[in-house]
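>>> Structure of the sequence below:
(one chain, ligands or ions: 2)
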Amino acid sequence: MGMGRVVAAYGNMVTVSFDESVRQNEVAYIMATDGTKLKSEVIRVRGDQCNVQVFEDTRDIRVGDEVEFTGDLLVVELGPGLLEQIYDGLQNPLPKLSEATGHFLKRGVYFEALDRAKRWDFTPTAKVGDTVEAGAVLGSVPEGKFQHQIFVPFNFIGRAEIVRISPKGLYTVAEAIAEVKDEAGQVREISMVQRWPIKIPLRQYQERLLPDQPLVTGCRIIDSFYPVAKGGTACIPGPFGSGKTVLQQIISRYADVDIIMVAACGERAGEVVETLREFPHLEDPYTGRTLMERTVIICNTSSMPVAAREASIYTAITIGEYYRQMGLHVLILADSTSRWAQALREMSGRLEEIPGEEAFPAYLQSRIAEFYERAGFVRLNDGRTGSVSVIGTVSPAGGNFEEPVTQGTLAVVGAFLGLTWARSNARRFPAIDPLISWSKYLDQMRASLDKVDPQWLAMLKDAQGLIFEGNEVKKRMDVVGEEGTSLADFIVHLKAEFLDSVYLQQNAFDPVDAFNTMERQAYTFKTIFKVLGMDISAKDKDDARDIFFRLSALFKNWNASAWQGEDFRRYEAQINEFVRG
Ligand code: ADP
Ligand code: MG
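Ligands and ions are numbered 1, 2, ... in the order given. Predicted structure coming up:
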């Protein structure tokens, strides 16, 4: 283990001189005067000095303080017991931390990420004599409703032979459940917990597949108009208060995935606390149990040190990749990636690097790309499939999408769900603006969508066209007034408004309307499509307005009625009566 000494400190950036070699991104501990060991990461090495970013409050660090280099990269612990946890960016369990140190996190206090006392019911699937290598499955333990698989560590080098494997029974994560003899003839113990460096993608799979299956969120404007694929990526940029967090919460609740990873990075402290308070009580709409049972929350508030914030999204995605290894579908929700980018900017500033646009480091774009590239739909080595999807919010100051984080993100994601003030101020929720949003997955998912309805894509393109046409009419009408607009144009405007209000908008707080299955979306959309295709014979504009007003009310009631229930049937009958004329 290498040693060094503090030679300078600037905020959380500490310069350390060392004798032996130091590795980029290795973890180091600074021995503070009060005896605490402060965790940090080497972020730049130059000659016989390096810069370390401290994950803690750096008050009273002094020149001359001793530094211990570990030689290990920043890692997460992987194993049973991750689900239901609330961690900080360095995988410290937050509830435990606050129990031990009160609400103000104490310096230098670290906990094991996984409970060392809890015993898990292990069932072996491999046997003595089997030849295994990194990522091979040794057995499993039940965790929530999943079979959590126990792997040969992903960093195991070469092949090995199993010489002992524990029988079915209860074991703690740190107990050896198997022994293997490696190629050098050395016997090594394997437990249920392993470590993996957070900044290195876990690539234990045969191949990446084209994401062509929808990730159903239950949100109509997303699933029908701007869908996200399983294993795909999306960004949700939006100004402050436009509904990013509410949208993320809805998606986390209803998305048809196995595991939800929430990375709450550095939004205001109050907001994160709110997430933490609410989340454990949310009911899982698919199982009726708690949503937390299949959730991991990684949370950092802006009051926590920037380096921990920078680490948090990597911690989240690494845990996501781990569960993907079990053939599961994982969704990572990062809210907000702008806070993460700000952490990068702060760190870069302290390193006095040459700043790029808006003082972000020149490598911002590549860091964003590297993060989103870890999403993917993969075929695992045993032939099963699994996915990690990533949806990140971006909070550009003043809602200006021309800034580097939004631009850097939209260059790499597959879907862009842009929230605007125009819509949120008009209380058109979710405030995803159909005029600026897009998804590259529509064509990719064609086969799946054709199964929902062979006419799906064609209808959709028409409906999108109508939204734009309606917007053109509206813009002209803003200039020439309603009087100067023809009845035919006015009806185009009303049709677009109707589509918007009964389909694109959705009430997040209505238990029925909040979530639509694809089946229901297709059903509703086809009916709406019929209305859009109708010749509306209105006497005048007031008459036309009146017709659409009644229609909208009818469809809203329909949307709020339980699928195929009595009310649903009743409103549907009234709608059909209208369509027949
Ligand atoms: P952001 O995270 O973009 O700053 P929030 O998600 O916190 O914004 O939303 C701000 C407010 O807007 C919410 O408190 C809520 O009142 C309203 N809101 C947002 N989304 C919706 C929605 N889908 N339905 C109804 N109200 C919403
Ligand atoms: Mg928010």
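>>> Show me how this structure divides into domains.
Using automatic domain parsing, the domain parsing of the chain gives 2-73, 78-111+205-441, 120-192, 453-580.
>>> possible to save these as TSV with distance to residue 447?
Just so you know, the C-beta spots here come from the backbone N, C-alpha and C atoms, and that holds for glycine as well. Below are those laid out as TSV (distance: least, Cβ to Cβ, whole Å):
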stretch	distance to residue 447
domain 2-73	41
domain 78-111+205-441	7
domain 120-192	28
domain 453-580	11
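>>> Out of those, which one sits most buried?
domain 78-111+205-441 (a mean of 20; mean count of other Cβ atoms under 10 Å).
>>> mean confidence for that domain?
In this model, domain 78-111+205-441 has an average pLDDT of 90.
>>> picking up where we left off before, so which of the domains of the chain is nearest residue 198?
When those are compared by Cβ to Cβ, domain 78-111+205-441 sits nearest residue 198, at 3.9 Å.
>>> Report the distance from the closest one to the chain centre.
Distance of domain 78-111+205-441 from the chain centroid (Cα atoms, centre = their mean, to the nearest Å) equals 3 Å.
>>> What's the end-to-end length of that domain?
32 Å (Cα to Cα, to the nearest Å).
>>> Tell me the secondary structure at residue 464.
helix (DSSP: H, G, I helix; E, B strand; the rest coil).
>>> give the contact list for it.
225, 434 (Cβ atoms under 8 Å, 6 or more residues apart in numbering).
>>> so residue 42 touches residue 29, yeah?
No. The pair residue 42 / residue 29 is not scored as a contact, 11.5 Å apart, by Cβ atoms under 8 Å.
>>> measure residue 575 to residue 555 for me?
Distance, residue 575 to residue 555, by Cβ to Cβ, to the nearest Å: 7 Å.
>>> Near ligand 1, which residues of the stretch 351-500 of the chain are found?
Neighbours of ligand 1 within the stretch 351-500 of the chain, by Cβ under 6 Å from any ligand atom: 429, 430.
>>> how about 8 Å then?
393, 395, 419, 424, 427, 429, 430, 431 (Cβ under 8 Å from any ligand atom).
>>> out of these, which one sits closest to ligand 1?
Checking these against ligand 1 with Cβ to the nearest ligand atom, the nearest one is residue 429 at 3.3 Å.
>>> hang on, the earlier thing: let's see which of the residues of the stretch 351-500 of the chain next to ligand 1 end up in strands.
The strands, defined by DSSP state E, take in residue 393 from those.
>>> Quick one: the residues of the stretch 351-500 of the chain next to ligand 1 as CSV, columns for distance to ligand 2 too.
CSV is the format used below for those (distance: Cβ to the ion, whole Å):
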residue, distance to ligand 2
393, 7
395, 7
419, 10
424, 12
427, 17
429, 14
430, 13
431, 12
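>>> Please name the bridge partners of residue 29.
When assigned by DSSP bridges, residue 29 has beta-bridge partners residue 39, residue 68.
>>> Tell me the spacing between it and residue 66.
9 Å.
>>> Residue 388 belongs to a strand?
Yes. Under three-state DSSP, residue 388 falls within a strand.
>>> Any idea what it is bridged to?
Bridge pairing for residue 388 - DSSP bridges - gives residue 330, residue 376.
>>> my guess is it contacts residue 316, does it?
No. Under the criterion of Cβ under 8 Å, residue 388 is not in contact with residue 316, lying 10.0 Å apart.
>>> shared neighbours of these two, anything?
residue 332.
>>> Can you tell me which residue is spatially central in this protein?
residue 333 (1.9 Å; Cα atoms, centre = their mean).
>>> With ligand 1 in mind, check whether the helix or strand where that one lies reaches it.
Element membership for residue 333 (DSSP states H and E) is strand 329-335. Yes. Legend: contact between strand 329-335 and ligand 1 by Cβ under 8 Å from any ligand atom is shown at residue 335.
>>> Give me the helices and strands touching that strand, please.
Applying 3 or more Cβ pairs under 8 Å, 6 or more residues apart in numbering; DSSP states H and E, we find strand 329-335 packed against helix 244-254, strand 259-265, helix 306-324, strand 385-394.
>>> Is it possible to get CSV of those that adds distance to residue 184?
What follows is the helices and strands packed on strand 329-335, written out as CSV (distance: least, Cβ to Cβ, whole Å):
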stretch, distance to residue 184
helix 244-254, 46
strand 259-265, 37
helix 306-324, 27
strand 385-394, 32
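>>> And these: which comes nearest residue 158?
helix 306-324 (21.7 Å).
>>> Can you show me the CA trace of that closest one as PDB?
Extracted in PDB, the C-alpha atoms of helix 306-324 (Å, rounded to 0.1, in the frame of the first residue of the first chain):
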ATOM      1  CA  VAL A 306     -19.400  17.100  -5.100                       C
ATOM      2  CA  ALA A 307     -17.200  14.000  -5.600                       C
ATOM      3  CA  ALA A 308     -19.800  11.700  -4.000                       C
ATOM      4  CA  ARG A 309     -22.400  13.300  -6.300                       C
ATOM      5  CA  GLU A 310     -20.200  12.600  -9.200                       C
ATOM      6  CA  ALA A 311     -19.900   9.000  -8.200                       C
ATOM      7  CA  SER A 312     -23.600   8.400  -7.600                       C
ATOM      8  CA  ILE A 313     -24.800   7.800 -11.100                       C
ATOM      9  CA  TYR A 314     -22.000   5.300 -11.700                       C
ATOM     10  CA  THR A 315     -22.900   3.500  -8.500                       C
ATOM     11  CA  ALA A 316     -26.500   3.300  -9.700                       C
ATOM     12  CA  ILE A 317     -25.700   2.000 -13.100                       C
ATOM     13  CA  THR A 318     -23.200  -0.600 -11.800                       C
ATOM     14  CA  ILE A 319     -25.900  -2.000  -9.500                       C
ATOM     15  CA  GLY A 320     -28.200  -1.900 -12.500                       C
ATOM     16  CA  GLU A 321     -25.800  -3.900 -14.600                       C
ATOM     17  CA  TYR A 322     -25.400  -6.400 -11.800                       C
ATOM     18  CA  TYR A 323     -29.100  -7.200 -11.800                       C
ATOM     19  CA  ARG A 324     -29.200  -7.300 -15.600                       C
END
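>>> So that it lines up with my notes, have the first residue be 16 from now on.
In the new count, where the first residue is 16, that last one comes out as helix 321-339.
>>> okay, the angle between it and strand 274-280?
Here the directions of helix 321-339 and strand 274-280 differ by 170 degrees (axes from the mean of the first three to the mean of the last three Cα atoms, to 10 degrees).
>>> all strands for the stretch 366-515 of the chain, in order.
For the stretch 366-515 of the chain, the strands defined by DSSP state E, counting those that start in this stretch cover 391-395, 400-409, 430-431, 453-454.
>>> quick one: the second one to strand 274-280, angle?
This points to strand 400-409. Orientation of strand 400-409 against strand 274-280 (the same axes, to 10 degrees) gives an angle of 30 degrees.
>>> rewinding a little: among the domains of the chain, which comes closest to residue 214?
Closest to residue 214 of the domains of the chain is domain 93-126+220-456 (Cβ to Cβ; 5.4 Å).
>>> hmm, back to that, got the contact list for the residue nearest to the centre of the chain?
So residue 348 contacts 263, 266, 267, 275, 276, 277, 278, 406, 407 (Cβ under 8 Å, 6+ apart).
>>> what sits against the closest residue to residue 67 other than its chain neighbours?
Spatially, and ignoring its direct neighbours in sequence, residue 67 is nearest to residue 55 (4.2 Å; Cβ to Cβ, 6 or more residues apart in numbering). Going by Cβ under 8 Å, 6+ apart, residue 55 touches 29, 42, 43, 44, 45, 67, 68, 69, 70, 71, 322.
>>> Equivalent analysis for residue 123, please.
47, 51, 52, 53, 54, 71.
>>> From ligand 2, how far off is the residue nearest to residue 67?
29 Å (Cβ to the ion, to the nearest Å).
>>> same check, this time on residue 35
45 Å.
>>> CA atoms of stretch 521-539 as PDB?
Taking C-alpha atoms only, stretch 521-539 is exported to PDB below (Å, rounded to 0.1, in the frame of the first residue of the first chain):
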ATOM      1  CA  GLN A 521     -52.800  12.700 -18.500                       C
ATOM      2  CA  ASN A 522     -53.700  13.100 -14.900                       C
ATOM      3  CA  ALA A 523     -50.900  11.800 -12.800                       C
ATOM      4  CA  PHE A 524     -53.000  12.000  -9.600                       C
ATOM      5  CA  ASP A 525     -55.900  10.000 -10.900                       C
ATOM      6  CA  PRO A 526     -55.300   6.400 -10.100                       C
ATOM      7  CA  VAL A 527     -56.900   5.100 -13.300                       C
ATOM      8  CA  ASP A 528     -55.800   7.800 -15.700                       C
ATOM      9  CA  ALA A 529     -52.200   7.800 -14.400                       C
ATOM     10  CA  PHE A 530     -51.400   4.500 -16.000                       C
ATOM     11  CA  ASN A 531     -52.600   3.000 -19.300                       C
ATOM     12  CA  THR A 532     -51.600  -0.400 -20.600                       C
ATOM     13  CA  MET A 533     -50.500  -0.600 -24.300                       C
ATOM     14  CA  GLU A 534     -53.800  -2.400 -24.900                       C
ATOM     15  CA  ARG A 535     -55.800   0.400 -23.500                       C
ATOM     16  CA  GLN A 536     -53.700   3.100 -25.300                       C
ATOM     17  CA  ALA A 537     -54.300   1.300 -28.600                       C
ATOM     18  CA  TYR A 538     -58.000   1.100 -27.900                       C
ATOM     19  CA  THR A 539     -58.400   4.700 -26.900                       C
END
